[in-house]
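need a 3D model of the following:
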Amino acid sequence: MEVASTPIPGANGVTSPTAESSIDPSRVLDHIALVCQIALGATNEDLESPGSLLHKHRYSDTVQRCTRFATDTPNALYIQKDILPVSTIQNGTEDS
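Residues are numbered from 1 along each chain as shown. Got it, this is the predicted structure:
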């Protein structure tokens, strides 16, 4: 006699994804980029600037992190906007 195994419910009664389920990290990254644009007012230029998550030198690392984020549980995402210091002299010269 065969016994069918029942899936163990995950968080909120939803079954956990199986190992075979595939997640496209580029879709996760697109979503995160949109969240940054909406929540932080970031532009594509901001997100692609040096040190940012979409910069060409960090892109592969960002995709790898998105893959881990999508497959690990539980997961939480925090976004942060770093503000660069602005010159203390505005609308004038030093000799004023």
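
show me where pLDDT drops low in this protein?
Within the chain, the segments meeting pLDDT under 70 span 1-21, 87-96.

and with 80 instead?
1-21, 74-75, 83-96 (pLDDT under 80).

longest helix anywhere in it?
When the chain is parsed with DSSP state H, its longest helix is helix 25-40.

mind listing the helices for the protein?
With DSSP H as the criterion, the chain has helices spanning 25-40, 44-48, 59-71.

for the shortest one, which positions count as buried?
Residues of helix 44-48 classed as buried by neighbour count (16 or more other CB atoms under 10 Å): Leu47. All C-beta spots, glycine's among them, are computed from the backbone N, C-alpha and C.

got the CA coordinates for it in CSV?
C-alpha atoms of helix 44-48 as CSV (Å, rounded to 0.1, in the frame of the first residue of the first chain):
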residue,chain,number,x,y,z
ASN,A,44,17.7,54.6,-13.2
GLU,A,45,20.8,56.8,-13.1
ASP,A,46,20.9,56.6,-9.3
LEU,A,47,20.6,52.8,-9.4
GLU,A,48,23.2,52.4,-12.1
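
ok, residues contacting that helix?
For helix 44-48, contacts defined as CB atoms under 8 Å, 6 or more residues apart in numbering pick out 33, 36-37, 52-56.

one more time with 10 Å, if that's ok
With CB atoms under 10 Å, 6 or more residues apart in numbering as the test, helix 44-48 has contacts from 32-33, 36-37, 40, 52-56, 58-59, 62, 81-82.

show me which of those are buried.
Listed as buried from those are 32-33, 36, 52-54, 62; burial here means 16+ other CB under 10 Å.

nearest to Asp24 among those?
Proximity of the buried ones among the contacts of helix 44-48 to Asp24 (CB to CB) peaks at Ile32, which lies at 12.9 Å.
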